[in-house]
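# Output the structure for:
(chains A and B)
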Number of protein chains: 2
Amino acid sequence: MSRPKNDAFLRALLKEPTDFTPLWMMRQAGRYLPEYCATRKRAGNFLNLCKSPSMACEVTLQPLARYDLDAAILFSDILTVPDAMGLGLYFAEGEGPKFERPLREEWAINSLSAPDPYDHLGYVMDAVSEIRRALNNSVPLIGFSGSPYTLACYMIEGQGSSDFRHIKGMLYSRPDLLHKILDVTTQAVISYLNAQIDSGAQAVMIFDTWGGSLSASAYKEFSLAYMQRIVAGLKKEKDGQRIPNIVFTKNGGLWLEDIAAIGCDGVGLDWGIDIGSARRRVGDKVALQGNIDPNVLFGTPETIAAEAKKVLDSFGPGNTGHVFNLGHGISQYTPPENVTVLVETVHAHSRTLRK
Amino acid sequence: MSRPKNDAFLRALLKEPTDFTPLWMMRQAGRYLPEYCATRKRAGNFLNLCKSPSMACEVTLQPLARYDLDAAILFSDILTVPDAMGLGLYFAEGEGPKFERPLREEWAINSLSAPDPYDHLGYVMDAVSEIRRALNNSVPLIGFSGSPYTLACYMIEGQGSSDFRHIKGMLYSRPDLLHKILDVTTQAVISYLNAQIDSGAQAVMIFDTWGGSLSASAYKEFSLAYMQRIVAGLKKEKDGQRIPNIVFTKNGGLWLEDIAAIGCDGVGLDWGIDIGSARRRVGDKVALQGNIDPNVLFGTPETIAAEAKKVLDSFGPGNTGHVFNLGHGISQYTPPENVTVLVETVHAHSRTLRK
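Residues are numbered from 1 along each chain as shown, chains lettered A, B, ... in the order given. Model (predicted):
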């Protein structure tokens, strides 16, 4: 297999020169697109959409048809892994994801095991293969997983949380139980991501949405250490091509040096940190991905362009090592036409900077 | 007027030596205390409780009767200020605070004005006076306000938010309107805090709960600049005593040097930052307040003690400049007996460290 025709995303992560700064957007296949809403309606609900390889493929490609994006990302949900572990994922209408059986009892924790990704998450692998075929080597496909700590948050709380008191209660009273959950989940994530790579994912990203809610020392022990194990366990090559990985801890800007030291190729940044100062802190140890506030896309075209340029200018000179992205998923209320301004500005301004 | 008998809190903020590290807890008068719940029930609802000086005084004193805390904090709500500006604060049962008239229209923004604190918030000033009398000079009383940006979040969103898309939409499309709101709110906060000082508050704290949701550059322009104006406008002395102030931006750890440079006496820290590294970054420019995760209080007594000692040890040697606190308000689900462990550990261990 050769690299995709547009391989700028892979090159930027691997620190090879590119003519422009590549970009994609977290949650780029999402509710801000009317064509996504139509497919989702046809699917009946969100989980059906995730579990249908052909519809997952369809929505994965939708933003690429509209915008000149430099990567596709598998359409799926991070909670499919705990679902495959038997927790019973469901989506109550108008609410976030929930689990029928939150994980809090010692007996349940002790009987937890890592699911075989092909047996229990075969629909994800089928989606990856189908998307790769449909992409026809135009741009790379990113696979992904939630981080063990972030998955454990949902598994233990049973749903989203504003205070995480159940998982943190366990952390500060029965850390052994939490470590047990994180250990099994780490095994699950490693085999899940490696199966995605074997099925065709050309890069993988670990989303640590909630590690940033921990104290500095708890973050290292309960989130970062497990992501380090995952990075160490990932396949680094497939068919002679390097498979880069990206680690993203939302609200992790304070711990950037620690994150950059776990062996990952790229570090995702939210908008809280100035990307130039992030670059000065990590040097050329890792590539950086980010980091505009998705709410910038509610601004005027002039502001969107100005804020995008601000990120590129702050990253500074050089012709690699930066993947432009939002600092979090795009809002469902985003006017789709505003995304065009962002994409065009990032490509044009980064080409100018390289001259 | 002389200083309170236990003036360790004031001394620590003003960098005068103390025999131990003083502590208080954000939201120390709150729902985790059965006696608070009883008073609140008698009040009928939360807003009645805020607006009754005698009941506000009663609940302010409740945690001091149970625990050996080193400061009292006025029982009130940050949203009383926008309520006094005419936005119509209400609390729907089981939900957070809401405003009847969210502030989004240009005509409404242009007709906004800063309320006179005695005319429109007289109940707060009466509570301050009554609490001071009841404290009888035992420990200092802290007054407080929300930061202009945090108040604007609620004023524009009309309620709490997970994405702040309305205020950020304004920030990125009509920054002039947001600056207008922040300017008027800043004037309101200055006169509100100075009236609290005149009524008896012996220190004041500015709660910037949501400034940490901004990008680095937007934080400086839309939150920190206005807190700097407030700090400059605060009365620094009353009856010959210095009135120290504390600025707390939740999730502001990345911008610590900038916050410490606005002229404040103390900077509040959440638990994301290691307090020792925070101290190395700001030197002795400001005192530091914080910073244990409130969820530690769901741990075992051994863990609570160990985590409290970790914060004190990380802050390091010296006999002033640290006020122990939680990094956020105490959870309503906290077992009250666990607070005793925290308070006793902080006092005992800090006395040992000073020997």
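
# Name the residue of the stretch 101-250 of chain A with the shortest distance to chain B.
Here the stretch 101-250 of chain A gets closest to chain B at one residue, A:Tyr172, 2.9 Å apart by C-beta to the nearest C-beta. For glycine as for every other residue, the C-beta is placed from the backbone atoms N, C-alpha and C.

# In contact with that residue, which residues?
B:Asn295, B:Val296, B:Phe298, B:Gly299, B:Thr300, B:Thr303, B:Ile304, B:Glu307 (C-beta atoms under 8 Å, 6 or more residues apart in numbering or on different chains).

# Mind doing that once more with 10 Å?
Applying C-beta atoms under 10 Å, 6 or more residues apart in numbering or on different chains to A:Tyr172 gives the contacts A:178, A:218, B:293, B:295-300, B:302-304, B:306-307.

# what's the answer for A:Gly44, then?
A:Gly44 is in contact with A:Ser52, counting by C-beta under 10 Å, 6+ apart.

# So it versus A:Ile78, what's the distance?
Separation of A:Gly44 from A:Ile78 (C-beta to C-beta, to the nearest Å) stands at 21 Å.

# Near chain B, which residues of the stretch 101-250 of chain A? Just list them.
Proximity of the stretch 101-250 of chain A to chain B, by C-beta under 10 Å from any C-beta of the partner chain, involves residues A:160, A:162-175, A:212-219.

# Would you show me how to pick out the buried ones of those in PyMOL?
Buried subset of those, written as a PyMOL selection, criterion 16 or more other C-beta atoms under 10 Å in any protein chain shown:
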select buried, chain A and resi 163+164+165+166+167+168+169+170+171+172+174+175+212+213+214+215+216+218+219
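
# Quick check: next helix or strand after the worst-scoring helix or strand of chain A on mean pLDDT?
The weakest-scoring helix or strand in chain A, judged by mean pLDDT, DSSP states H and E, is strand A:89-91 (a mean of 90). Toward the C-terminal end, the helix or strand that comes next after strand A:89-91 (DSSP states H and E) is strand A:97-99.

# so what secondary structure elements neighbour that next one?
The contact analysis (3 or more C-beta pairs under 10 Å, 6 or more residues apart in numbering or on different chains; DSSP states H and E) places strand A:97-99 against strand A:89-91, helix A:148-157.

# Which ones among the residues of the stretch 101-250 of chain A next to chain B map onto strands?
Among those, DSSP state E puts none in strands.

# give the contact list for A:Leu256.
Counting by C-beta under 10 Å, 6+ apart, A:Leu256 touches A:Thr249, A:Val267, A:Leu269, A:Ile273, A:Ser277, A:Ala278, A:Arg279, A:Arg281, A:Val282, A:Val286, A:Leu288, B:Leu254.

# Can you show me the CA trace of the helix or strand where it lies as CSV?
Using DSSP H and E, A:Leu256 falls within helix A:256-260. The C-alpha trace of helix A:256-260 is given here as CSV (Å, rounded to 0.1, in the frame of the first residue of the first chain):
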residue,chain,number,x,y,z
LEU,A,256,2.4,19.1,28.3
GLU,A,257,6.0,18.0,28.9
ASP,A,258,4.8,14.8,30.6
ILE,A,259,2.4,14.0,27.8
ALA,A,260,5.1,14.7,25.2
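
# Show the subsequent helix or strand relative to that helix.
Next element after helix A:256-260 (DSSP H and E): strand A:266-268.

# so who does A:Pro175 touch?
Contacts for A:Pro175 (C-beta under 10 Å, 6+ apart) come out as A:Leu182, A:Ala218, A:Glu221, A:Phe222, B:Gly299, B:Thr303.

# Can you add pLDDT and give the residues you listed back as a markdown table?
Below are the contacts of A:Pro175 laid out as a markdown table (pLDDT from 0 to 100):
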| residue | pLDDT |
| --- | --- |
| A:Leu182 | 98 |
| A:Ala218 | 98 |
| A:Glu221 | 98 |
| A:Phe222 | 98 |
| B:Gly299 | 97 |
| B:Thr303 | 97 |
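
# got the contact list for A:Asp270?
Counting by C-beta under 10 Å, 6+ apart, A:Asp270 touches A:212, A:248-253, A:290-294, A:325-328, B:213, B:215.

# In strands, which of those residues appear?
Those of these lying in strands (DSSP E): A:Phe248, A:Thr249, A:Gly290, A:Asn291, A:Ile292, A:Asn325, A:Leu326.

# Give me the number of neighbouring residues for the fifth one.
For A:Ile292, the tally of surrounding residues (other C-beta atoms under 10 Å in any protein chain shown) stands at 26.

# wait, isn't it in contact with A:Gly327?
Yes: counting by C-beta atoms under 10 Å, A:Ile292 touches A:Gly327, with 6.3 Å between them.

# For the two, list the residues in contact with both.
A:Leu269, A:Asp270, A:Trp271, A:Ile275, A:Val311, B:Ser215.

# Let me know whether A:Phe248 touches A:Asp208 as I believe.
Yes: here A:Phe248 reaches A:Asp208: they are 6.2 Å apart, a contact under C-beta under 10 Å.

# any common contacting residues for these two?
In contact with both A:Phe248 and A:Asp208: A:Ser147, A:Met227, A:Ile259, A:Gly268, using C-beta under 10 Å, 6+ apart.

# Out of the residues you listed, which is nearest to B:Thr21?
A:Ile259 (31.3 Å; C-beta to C-beta).

# So which bits of whatever helix or strand A:Thr185 lives in are buried?
Assigning secondary structure by DSSP H and E places A:Thr185 in helix A:175-199. By 16+ other C-beta under 10 Å, the buried positions in helix A:175-199 come out as A:175, A:177-179, A:181-182, A:184-197, A:199.
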